[in-house]
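1. got a predicted structure plus its sequence, pasted below:
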Amino acid sequence: MNLARMFATQTKMHFLWYFRRDGEMMFWTLAMPVFFLVLFSFAFSNGVTAKSSSFLVPGIIGAQVLSSGFWGVGVMLATFREKHLLRRVYITPMPAWIFFASLVTYRVGLLAAQAIILIAVGALLFHVQITGNPLSIVAILILGTATFVSLGTIIGALARTTESANNIASILTVPLAFLSDAYVPIDRFPHAVSAALRLLPSTEFIETFRGVAVGGEPIAAFAVWLTVLGLWTVAGTVISARTFRWV
């Protein structure tokens, strides 16, 4: 079997495993972001719902990228190890990089579905307009997914059980989602606090994604943050490679 076929087959298996194991969770994965969009749009609107929704749509998509890396990949890898599925992957002739590249592709696919639904609901209900270059938006989404999948893989590498992986993912995802400009503007925090929060890779990703997708800014305006996200991706990949256990 050639590498391209291995990659396609493994990506397909990720989707099949997700649908078969968590078919009901799939519904909530797609429905909950819409619920948060509607809830927070009205809660934070101050009479201008469209403005709050334009802030929230890219923010919630960004929060889903965090969740995808920490929960979707970190917890999944711990579960695979606990069920001895990683051992089966390890003894196949498939290179390890194919397995992890298929993980990124699989998560990008799910995130694309979430993003399309959120953008559609935002446009229909709250007149949210996506003005950014589509290719730039996709590029940022792929880089963000790669960043947080690499960091999530560290959770999967270190956690010995599914329960411990869930706990670590919760500790990371929930605070970051609310401290990274996803739901609540960090400008509302004192300047020293907001300046510190902007150093988080999650904040850099979300603000870049929002600036390009809704603000219509050129991707080059965020070259520094994109470079930093790339460095986080490399660091996460190196650490994961050195700590990851197949059994």
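-> In hand now; what should we look at?

2. quick one, helices of this structure?
-> Along the chain, counting by DSSP state H, helices occupy 3-21, 23-43, 49-67, 76-82, 85-90, 96-126, 134-158, 162-179, 191-197, 201-213, 223-243.

3. so the second one versus helix 3-21, what angle?
-> Calculated by axes from the mean of the first three to the mean of the last three Cα atoms, to 10 degrees, helix 23-43 forms an angle of 80 degrees with helix 3-21.

4. on that earlier part again, and of the helices of the chain, who's closest to Pro185?
-> Minimum separation from Pro185 across the helices of the chain (Cβ to Cβ) falls at helix 49-67, 6.9 Å. The way it works is simple: take the backbone N, C-alpha and C, and place the C-beta from them, glycine included.

5. weakest of the helices of the chain in terms of mean pLDDT?
-> When those are compared on mean pLDDT, helix 23-43 scores lowest, with a mean of 75.

6. so which bits of it are buried?
-> 29-30, 33-34, 36-38, 40-41 (16 or more other Cβ atoms under 10 Å).

7. distance to Pro185 for the helices of the chain - can I get that in JSON lines?
-> Output for the helices of the chain, formatted as JSON lines (distance: least, Cβ to Cβ, whole Å):
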{"stretch": "helix 3-21", "distance to Pro185": "33"}
{"stretch": "helix 23-43", "distance to Pro185": "12"}
{"stretch": "helix 49-67", "distance to Pro185": "7"}
{"stretch": "helix 76-82", "distance to Pro185": "32"}
{"stretch": "helix 85-90", "distance to Pro185": "41"}
{"stretch": "helix 96-126", "distance to Pro185": "17"}
{"stretch": "helix 134-158", "distance to Pro185": "19"}
{"stretch": "helix 162-179", "distance to Pro185": "11"}
{"stretch": "helix 191-197", "distance to Pro185": "9"}
{"stretch": "helix 201-213", "distance to Pro185": "10"}
{"stretch": "helix 223-243", "distance to Pro185": "17"}
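
8. OK, contacts around the closest residue in space to Leu158 that isn't next to it in sequence?
-> With sequence-adjacent residues excluded and distances taken as Cβ to Cβ, 6 or more residues apart in numbering, Leu158 is closest to Thr243, at 6.2 Å. When contacts are counted by Cβ atoms under 8 Å, 6 or more residues apart in numbering, Thr243 touches 154, 157-158.

9. any of these buried? List them.
-> Buried members of the contacts of Thr243, scored by 16+ other Cβ under 10 Å, are 154, 157-158.

10. out of those residues, which one sits closest to Thr203?
-> The closest of those to Thr203 turns out to be Ile154 (Cβ to Cβ; 19.3 Å).

11. excluding chain neighbours, what is closest to the residue positioned nearest the centre of the chain?
-> Residue closest to the average C-alpha location in the chain (Cα atoms, centre = their mean): Val65, at 1.3 Å. Spatially, and ignoring its direct neighbours in sequence, Val65 is nearest to Gly144 (4.8 Å; Cβ to Cβ, 6+ apart).

12. the one you found touches Glu207, doesn't it?
-> No: judged on Cβ atoms under 8 Å, Gly144 makes no contact with Glu207 at a distance of 11.3 Å.

13. neighbour count: the two, which is higher?
-> Gly144 (29 against 21; other Cβ atoms under 10 Å).

14. can I get the contacts of Thr243 in JSON lines with distance to Trp17?
-> Compiled in JSON lines, those are given as follows (distance: Cβ to Cβ, whole Å):
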{"residue": "Ile154", "distance to Trp17": "21"}
{"residue": "Ala157", "distance to Trp17": "19"}
{"residue": "Leu158", "distance to Trp17": "22"}
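
15. return the member of the residues you listed nearest to Val104.
-> Of all those, Val104 sits closest to Ile154, with 14.7 Å by Cβ to Cβ.

16. circling back: what about the residue nearest to the centre of the chain, distance to Trp71?
-> 11 Å (Cβ to Cβ, to the nearest Å).
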